[in-house]
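> What follows is a predicted structure for the sequence shown.
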Amino acid sequence: MRTRAGILLQARLGSMRLPGKALEPVGGCSILERCLRRLIAGGVAHVVLATTHASEDDALAAIAARLGVPVFRGAEHDVLQRFAVAAEIFGFDPVIRATGDNPAVDIQAAGRVLAALRSTGADYVVETGLPLGACVEGMTASALRDAASAAIDPYDREHVTTFLRRRTDLFRVQTVPAPVSLHRPSLRLTIDTPADLASVRELFFRAGGDEPSLAELIAVSGREPQTAASGDAPQTKVA
C-alpha cells in the first residue's frame, strides 16, 4: 500500500468534565472546526477526523464533512485501536496525532514534527516548551501498530501514545525543543474545564482576526482584557 503522511484528529462529545465541548464556540466557530481548520492550514498532510460510532458524534462527523475532511469512526474508549485502524485504512505513515480539545494548536507544529521524524529516524517525536494544548505528536505507522498490539493497560489504550513514550526499550523516542519564539510552557491553551474555555475564548477575542497564529495568542496572553463592543463580547463564564 502506498503511504503518505496523515493527521488524525481524535474527538468525541462524551467528555466527562465538559460534556459537548467540541461544539462549544471559540472565535466564531466550534472548537472542533477550529482544530480542523488550523490543522488543514498547515498544509503538510491529509487530515482525518477520528471519532466514535456513538450517535452523538454524528454532529462532529457533519462538521468534518462540511469542511471536506474524511471521517473514521471507531471504538469510543480504545482510542489506540481507533488510531491504528484509521492509519491503516487511510495509508498514513507517518501519523500525526492531534486532539479535539486544542483549538489553539500551532498551525506549523505538524510540519516541524514531520520534519523531525524524518531527520532523526525516531519512532515517536514530540516538541517541548509549547503552551499546553498547542503541540501535536508524531509517530511511524509501525510504532503505532506495535503499540496497539502490545499495550494492555486501559490507560494506554485510551491515551494512545503513553505506551510509546514509556517504552523507550522498544521505541526510539525523540523530544525536540519548540521554536524559542513559541516557548511558553506555563500558558494553558487546552480545554478541559469551563475555566479553560473562558480563558481561551478571551485570548481569541483579544487576538482578533480569522485564524490568529500561536505567536499572536501568546503575545496577547499578557495583555489586559479588552472592553468588548456590545454584542461582540466573548463569553467569560460558562454555566
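Arrived safely.
> tell me what the one helix or strand R157 maps to is packed against?
According to DSSP states H and E, R157 maps onto helix 154-159. On a contact count with 3 or more C-beta pairs under 8 Å, 6 or more residues apart in numbering; DSSP states H and E, helix 154-159 meets helix 79-90, helix 162-166. Glycine gets a C-beta too; all of them are placed from N, C-alpha and C.
> what about the closest residue to T120 other than its chain neighbours, how many neighbours?
Leaving out its chain neighbours, the residue that sits closest to T120 by C-beta to C-beta, 6 or more residues apart in numbering is Q174, at 4.9 Å. Residues lying near Q174 (other C-beta atoms under 10 Å) number 17.
> quick one, what contacts Q174?
A116, T120, A122, Y124, V125, V126 (C-beta atoms under 8 Å, 6 or more residues apart in numbering).
> Could you pull up the mean pLDDT of the helix or strand containing it?
Q174 belongs to strand 173-177 when assigned by DSSP H and E. Averaged across strand 173-177, pLDDT comes to 97.
> Off-centre distance for it?
A distance of 18 Å separates the centroid of the chain from that of strand 173-177, by C-alpha atoms, centre = their mean, to the nearest Å.
> What strands line up against that strand, and which way round?
strand 124-128 (parallel) (DSSP bridges).
> which of the residues in the partner strand are buried?
Y124, V125, V126, E127 (16 or more other C-beta atoms under 10 Å).
> where's that strand relative to the chain centroid, distance-wise?
13 Å.
> Give me the contact list for that strand.
So strand 124-128 is contacted by 109, 112-113, 116-117, 135, 137-140, 143, 161, 164-165, 171-178, 185 (C-beta under 8 Å, 6+ apart).
> In ChimeraX, how would I select just the buried ones from the residues you listed?
Buried residues among the contacts of strand 124-128 (16+ other C-beta under 10 Å), as a ChimeraX selection:
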select :109,112,113,116,117,135,137,138,139,140,143,161,164,165,171,173,174,176,178
